[in-house]
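Novice: how would this look folded up:
(one chain, ligands or ions: 1)
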Amino acid sequence: MSMIEFHNVQKYYGKFHALKDINLTIDDGETVVLIGPSGSGKSSLIRTVNGLDPIRDGQLIVNGFDLADKKTNVNLIRKDVGMVFQHFNLYNNKSVIENIMLAPRIVLKRPEEENRELAMKLLDKVGLANKAESMPAQLSGGQKQRIAIARSLAMKPKCLLFDEPTSALDPEMIDDVLDVMKDIAKNSNMTMLVVTHEMGFARAVADRVIFMADGRILEDDSTEKFFGDQPSTERAREFMSKISGH
Ligand SMILES: Nc1ncnc2c1ncn2[C@@H]1O[C@H](COP(=O)(O)OP(=O)(O)OP(=O)(O)O)[C@@H](O)[C@H]1O
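Specialist: Presented below is the predicted three-dimensional model:
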(Lines give C-alpha, C1' and ligand atoms only; values in the text may rest on other atoms or scores of the structure.)
Protein backbone atom coordinates (compact mmCIF):
# COMPACT_ATOMS: atom_id res chain seq x y z
CA MET A 1 0.00 0.00 0.00
CA SER A 2 1.09 3.57 -0.64
CA MET A 3 0.80 6.20 2.06
CA ILE A 4 1.46 9.11 -0.29
CA GLU A 5 0.87 9.37 -4.06
CA PHE A 6 1.53 12.47 -6.13
CA HIS A 7 0.36 12.27 -9.75
CA ASN A 8 1.31 15.22 -11.96
CA VAL A 9 0.83 17.67 -9.10
CA GLN A 10 1.18 21.40 -9.77
CA LYS A 11 1.23 24.05 -7.08
CA TYR A 12 1.28 27.83 -7.48
CA TYR A 13 1.66 30.82 -5.20
CA GLY A 14 -0.19 33.40 -7.29
CA LYS A 15 1.61 33.20 -10.63
CA PHE A 16 4.69 31.53 -9.17
CA HIS A 17 4.90 27.86 -10.15
CA ALA A 18 6.24 26.29 -6.92
CA LEU A 19 5.71 22.55 -7.63
CA LYS A 20 6.11 21.43 -11.23
CA ASP A 21 4.59 18.15 -12.29
CA ILE A 22 5.41 16.19 -9.15
CA ASN A 23 5.13 12.41 -9.43
CA LEU A 24 6.07 10.55 -6.27
CA THR A 25 4.93 7.47 -4.42
CA ILE A 26 5.89 6.72 -0.83
CA ASP A 27 4.92 3.31 0.48
CA ASP A 28 3.74 2.41 3.96
CA GLY A 29 6.67 2.23 6.35
CA GLU A 30 9.21 3.91 4.09
CA THR A 31 11.61 6.59 5.33
CA VAL A 32 12.27 9.14 2.62
CA VAL A 33 14.61 12.12 2.85
CA LEU A 34 13.95 15.17 0.69
CA ILE A 35 16.87 17.48 -0.05
CA GLY A 36 17.54 20.42 -2.33
CA PRO A 37 18.66 24.04 -2.39
CA SER A 38 16.80 26.80 -0.61
CA GLY A 39 13.64 27.72 -2.47
CA SER A 40 13.49 24.46 -4.43
CA GLY A 41 10.03 23.60 -3.09
CA LYS A 42 10.75 21.10 -0.31
CA SER A 43 8.54 22.82 2.28
CA SER A 44 5.87 23.42 -0.32
CA LEU A 45 5.82 19.72 -1.18
CA ILE A 46 5.69 18.48 2.40
CA ARG A 47 3.02 21.00 3.37
CA THR A 48 0.70 19.79 0.63
CA VAL A 49 0.76 16.27 2.10
CA ASN A 50 -1.30 17.13 5.15
CA GLY A 51 -3.31 19.82 3.47
CA LEU A 52 -1.53 22.86 4.95
CA ASP A 53 -1.07 24.13 1.39
CA PRO A 54 -3.48 23.41 -1.47
CA ILE A 55 -2.45 22.01 -4.86
CA ARG A 56 -3.65 23.51 -8.14
CA ASP A 57 -3.72 20.49 -10.46
CA GLY A 58 -3.05 16.79 -10.44
CA GLN A 59 -3.89 14.13 -7.93
CA LEU A 60 -2.58 13.77 -4.39
CA ILE A 61 -3.70 10.77 -2.36
CA VAL A 62 -2.63 10.58 1.27
CA ASN A 63 -3.64 7.63 3.43
CA GLY A 64 -6.43 6.96 0.97
CA PHE A 65 -7.80 10.53 0.99
CA ASP A 66 -7.93 12.64 -2.16
CA LEU A 67 -6.47 16.08 -1.42
CA ALA A 68 -7.50 17.49 -4.79
CA ASP A 69 -11.12 16.99 -3.74
CA LYS A 70 -12.29 20.11 -1.91
CA LYS A 71 -14.78 17.99 0.03
CA THR A 72 -12.00 16.02 1.72
CA ASN A 73 -11.81 16.84 5.42
CA VAL A 74 -8.12 17.56 6.05
CA ASN A 75 -8.58 16.90 9.77
CA LEU A 76 -9.12 13.24 8.93
CA ILE A 77 -5.74 13.23 7.20
CA ARG A 78 -3.99 15.10 10.04
CA LYS A 79 -5.24 12.53 12.55
CA ASP A 80 -2.96 9.94 10.96
CA VAL A 81 -0.35 12.21 9.37
CA GLY A 82 1.60 14.29 11.88
CA MET A 83 3.98 17.14 11.21
CA VAL A 84 7.09 18.35 13.00
CA PHE A 85 8.08 21.92 12.16
CA GLN A 86 11.39 23.75 12.10
CA HIS A 87 10.22 26.09 14.87
CA PHE A 88 8.49 23.44 17.01
CA ASN A 89 5.07 25.17 17.18
CA LEU A 90 4.48 24.19 20.81
CA TYR A 91 1.69 25.87 22.80
CA ASN A 92 3.79 28.19 24.94
CA ASN A 93 1.09 28.73 27.54
CA LYS A 94 0.73 25.00 28.25
CA SER A 95 3.03 22.66 30.13
CA VAL A 96 5.02 20.04 28.28
CA ILE A 97 2.68 17.21 29.24
CA GLU A 98 -0.39 19.28 28.33
CA ASN A 99 1.15 19.93 24.92
CA ILE A 100 1.40 16.19 24.41
CA MET A 101 -2.01 15.29 25.82
CA LEU A 102 -4.08 17.98 24.11
CA ALA A 103 -4.71 16.57 20.64
CA PRO A 104 -5.34 12.96 21.75
CA ARG A 105 -7.81 14.27 24.33
CA ILE A 106 -9.72 16.47 21.91
CA VAL A 107 -9.40 14.62 18.63
CA LEU A 108 -9.22 10.99 19.76
CA LYS A 109 -11.17 11.38 23.03
CA ARG A 110 -8.52 9.20 24.64
CA PRO A 111 -9.36 8.58 28.33
CA GLU A 112 -7.38 10.86 30.64
CA GLU A 113 -5.42 8.22 32.51
CA GLU A 114 -4.41 6.33 29.38
CA ASN A 115 -3.53 9.64 27.73
CA ARG A 116 -1.24 10.65 30.62
CA GLU A 117 0.37 7.22 30.73
CA LEU A 118 1.22 7.32 27.01
CA ALA A 119 2.45 10.92 27.29
CA MET A 120 4.83 9.93 30.10
CA LYS A 121 6.02 6.93 28.09
CA LEU A 122 6.77 9.19 25.12
CA LEU A 123 8.54 11.73 27.32
CA ASP A 124 10.69 8.90 28.55
CA LYS A 125 11.35 7.79 24.96
CA VAL A 126 12.63 11.25 24.01
CA GLY A 127 14.69 11.46 27.22
CA LEU A 128 12.67 14.21 28.90
CA ALA A 129 10.56 12.46 31.53
CA ASN A 130 11.73 15.00 34.10
CA LYS A 131 10.30 17.91 32.07
CA ALA A 132 6.62 16.91 32.15
CA GLU A 133 5.54 19.91 34.20
CA SER A 134 7.96 22.42 32.63
CA MET A 135 6.75 25.20 30.37
CA PRO A 136 8.17 25.33 26.81
CA ALA A 137 9.99 28.61 27.57
CA GLN A 138 12.11 26.74 30.12
CA LEU A 139 13.44 24.33 27.52
CA SER A 140 16.29 24.48 25.01
CA GLY A 141 15.51 24.32 21.30
CA GLY A 142 16.58 20.69 21.14
CA GLN A 143 14.35 19.80 24.07
CA LYS A 144 11.44 21.68 22.50
CA GLN A 145 11.87 19.74 19.29
CA ARG A 146 11.94 16.40 21.14
CA ILE A 147 8.71 17.44 22.89
CA ALA A 148 7.21 18.35 19.51
CA ILE A 149 8.11 14.87 18.25
CA ALA A 150 6.60 13.24 21.36
CA ARG A 151 3.47 15.32 20.78
CA SER A 152 3.18 14.04 17.21
CA LEU A 153 3.76 10.46 18.33
CA ALA A 154 0.98 10.75 20.92
CA MET A 155 -1.54 10.68 18.09
CA LYS A 156 -0.11 7.29 17.04
CA PRO A 157 0.17 8.50 13.46
CA LYS A 158 0.74 6.26 10.46
CA CYS A 159 2.94 8.89 8.88
CA LEU A 160 5.16 11.69 10.17
CA LEU A 161 6.34 14.68 8.13
CA PHE A 162 9.43 16.58 9.28
CA ASP A 163 10.16 20.02 7.82
CA GLU A 164 13.82 20.82 8.58
CA PRO A 165 13.46 19.70 12.21
CA THR A 166 17.05 20.50 13.17
CA SER A 167 17.69 23.66 11.13
CA ALA A 168 16.80 26.05 13.95
CA LEU A 169 18.91 24.24 16.55
CA ASP A 170 22.34 24.91 17.99
CA PRO A 171 24.77 22.28 16.66
CA GLU A 172 25.14 20.53 20.01
CA MET A 173 21.37 19.90 20.16
CA ILE A 174 21.07 18.32 16.74
CA ASP A 175 22.19 14.78 17.50
CA ASP A 176 19.72 14.29 20.36
CA VAL A 177 16.88 15.12 17.98
CA LEU A 178 18.28 13.01 15.14
CA ASP A 179 18.70 10.07 17.53
CA VAL A 180 15.00 10.21 18.40
CA MET A 181 14.13 10.35 14.70
CA LYS A 182 16.47 7.45 13.90
CA ASP A 183 14.86 5.40 16.64
CA ILE A 184 11.41 6.01 15.12
CA ALA A 185 12.66 5.16 11.63
CA LYS A 186 14.30 1.93 12.77
CA ASN A 187 11.87 0.69 15.38
CA SER A 188 8.43 1.62 14.13
CA ASN A 189 6.62 0.95 10.90
CA MET A 190 5.65 4.57 10.52
CA THR A 191 6.08 6.25 7.16
CA MET A 192 8.48 9.20 7.41
CA LEU A 193 9.06 12.03 4.95
CA VAL A 194 11.90 14.23 6.15
CA VAL A 195 13.17 17.50 4.70
CA THR A 196 16.69 17.85 6.04
CA HIS A 197 20.28 18.67 5.16
CA GLU A 198 21.51 16.06 7.62
CA MET A 199 23.11 13.57 5.27
CA GLY A 200 24.30 11.35 8.12
CA PHE A 201 20.68 10.83 9.05
CA ALA A 202 19.79 10.05 5.43
CA ARG A 203 22.59 7.52 5.11
CA ALA A 204 21.74 5.87 8.41
CA VAL A 205 17.99 5.35 8.05
CA ALA A 206 16.54 6.57 4.75
CA ASP A 207 15.24 4.06 2.23
CA ARG A 208 15.29 6.71 -0.48
CA VAL A 209 16.68 10.17 -1.12
CA ILE A 210 14.83 12.66 -3.29
CA PHE A 211 16.57 15.70 -4.72
CA MET A 212 14.51 18.75 -5.71
CA ALA A 213 15.51 21.88 -7.60
CA ASP A 214 13.34 24.65 -9.06
CA GLY A 215 10.10 22.97 -8.03
CA ARG A 216 10.91 19.66 -9.70
CA ILE A 217 12.06 16.27 -8.52
CA LEU A 218 15.37 15.67 -10.28
CA GLU A 219 16.42 12.51 -8.44
CA ASP A 220 14.53 9.75 -6.66
CA ASP A 221 17.06 7.08 -5.74
CA SER A 222 17.59 4.37 -3.20
CA THR A 223 19.91 5.61 -0.45
CA GLU A 224 22.61 3.17 -1.64
CA LYS A 225 22.44 4.53 -5.15
CA PHE A 226 22.27 8.15 -4.08
CA PHE A 227 25.41 7.92 -1.99
CA GLY A 228 27.05 5.29 -4.17
CA ASP A 229 29.65 5.57 -6.89
CA GLN A 230 27.33 6.87 -9.53
CA PRO A 231 24.95 9.05 -7.67
CA SER A 232 22.45 11.42 -9.02
CA THR A 233 22.66 14.31 -11.38
CA GLU A 234 25.37 16.91 -11.62
CA ARG A 235 23.16 19.36 -9.72
CA ALA A 236 22.55 16.93 -6.89
CA ARG A 237 26.29 16.26 -6.65
CA GLU A 238 27.03 19.97 -6.66
CA PHE A 239 24.48 20.52 -3.92
CA MET A 240 25.81 17.61 -1.90
CA SER A 241 29.34 18.94 -2.10
CA LYS A 242 28.15 22.34 -0.85
CA ILE A 243 26.40 20.93 2.20
CA SER A 244 28.83 18.14 3.03
CA GLY A 245 30.48 18.82 6.32
CA HIS A 246 27.26 20.52 7.41
N1 LIG B 1 3.40 31.61 0.87
C2 LIG B 1 4.16 31.84 -0.19
N3 LIG B 1 3.86 32.82 -1.08
C4 LIG B 1 4.62 33.05 -2.16
N5 LIG B 1 5.71 32.34 -2.48
C6 LIG B 1 6.07 31.36 -1.66
C7 LIG B 1 5.32 31.06 -0.47
N8 LIG B 1 5.92 30.01 0.15
C9 LIG B 1 7.01 29.69 -0.62
N10 LIG B 1 7.08 30.50 -1.69
C11 LIG B 1 8.11 30.43 -2.74
O12 LIG B 1 8.10 29.11 -3.28
C13 LIG B 1 9.42 28.65 -3.53
C14 LIG B 1 9.63 27.35 -2.80
O15 LIG B 1 9.62 27.60 -1.39
P16 LIG B 1 9.81 26.44 -0.34
O17 LIG B 1 9.71 27.07 1.02
O18 LIG B 1 8.90 25.33 -0.65
O19 LIG B 1 11.30 26.00 -0.63
P20 LIG B 1 12.29 25.13 0.24
O21 LIG B 1 12.98 24.23 -0.71
O22 LIG B 1 11.57 24.52 1.37
O23 LIG B 1 13.31 26.22 0.77
P24 LIG B 1 14.05 26.39 2.18
O25 LIG B 1 15.08 25.29 2.24
O26 LIG B 1 14.66 27.75 2.06
O27 LIG B 1 13.00 26.30 3.24
C28 LIG B 1 10.35 29.77 -3.08
O29 LIG B 1 10.75 30.48 -4.22
C30 LIG B 1 9.51 30.62 -2.18
O31 LIG B 1 9.90 31.96 -2.23
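Novice: Quick one: mean pLDDT for the biggest helix by length in the chain?
Specialist: Across the chain, the helix with the greatest residue count (assigned by DSSP state H) is helix 171-187. Helix 171-187 shows a mean pLDDT of 95.
Novice: Name every strand pairing with the following helix or strand past that helix and say which way it goes.
Specialist: Downstream of helix 171-187, the next assigned helix or strand under DSSP states H and E is strand 191-195. Strand pairing for strand 191-195, using DSSP bridges, gives strand 31-35 (parallel), strand 159-163 (parallel).
Novice: who in the protein is up against the ligand?
Specialist: By C-beta under 6 Å from any ligand atom, the residues of the chain that approach the ligand are Tyr13, Phe16, Ala18, Gly36, Ser38, Gly39, Ser40, Gly41, Lys42, Ser43, Ser44. From N, CA and C alone the C-beta is placed, and that goes for glycine too.
Novice: 5 Å instead, please
Specialist: Within the chain, the residues that sit near the ligand (C-beta under 5 Å from any ligand atom) are Tyr13, Ala18, Ser38, Gly39, Ser40, Gly41, Lys42, Ser43, Ser44.
Novice: Let's have the strands paired with strand 191-195 in JSON lines, adding mean neighbour count.
Specialist: Shown next, in JSON lines, are those (neighbours: other C-beta atoms under 10 Å):
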{"stretch": "strand 31-35", "mean neighbour count": "25"}
{"stretch": "strand 159-163", "mean neighbour count": "24"}
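Novice: so how far is stretch 122-131 off the chain centroid?
Specialist: Distance of stretch 122-131 from its chain centroid, counting by C-alpha atoms, centre = their mean, to the nearest Å, is 20 Å.
Novice: Likewise for stretch 167-178?
Specialist: Centroid separation between stretch 167-178 and its chain, computed with C-alpha atoms, centre = their mean, is 15 Å.
Novice: Can you find the helix or strand of this protein with the lowest average pLDDT?
Specialist: Lowest mean confidence among the helices and strands of the chain (mean pLDDT, DSSP states H and E): helix 234-243, at a mean of 74.
Novice: which strands and helices sit next to that helix?
Specialist: When contacts are defined as 3 or more C-beta pairs under 8 Å, 6 or more residues apart in numbering; DSSP states H and E, helix 234-243 packs onto strand 208-213, strand 216-222.
Novice: roughly how far is the first one from the heart of the chain?
Specialist: Strand 208-213 sits 14 Å away from the centroid of its parent chain (C-alpha atoms, centre = their mean).
Novice: avg pLDDT for it?
Specialist: 95.
Novice: just to revisit the earlier point, among the helices and strands packed on helix 234-243, show me which one is buried the most.
Specialist: For the helices and strands packed on helix 234-243, the largest average neighbour count (mean count of other C-beta atoms under 10 Å) is found in strand 208-213, namely a mean of 23.
Novice: still on that earlier bit, turn the strands paired with strand 191-195 into CSV, columns for distance to Ala119 and mean pLDDT.
Specialist: Formatted as CSV, the strands paired with strand 191-195 follow (distance: least, C-beta to C-beta, whole Å; pLDDT from 0 to 100):
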stretch, distance to Ala119, mean pLDDT
strand 31-35, 25, 97
strand 159-163, 17, 98
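Novice: what does the longest helix of the chain contact?
Specialist: Helix 171-187 is contacted from outside by 31, 125-127, 140-143, 145-146, 149, 153, 160, 162, 165-166, 169, 190, 192, 194, 198, 200-201, 204-206, using C-beta atoms under 8 Å, 6 or more residues apart in numbering.
Novice: before we move on, the earlier item: out of the residues of the chain next to the ligand, which comes closest to Met3?
Specialist: Of all the residues of the chain next to the ligand, Met3 sits closest to Lys42, with 18.0 Å by C-beta to C-beta.
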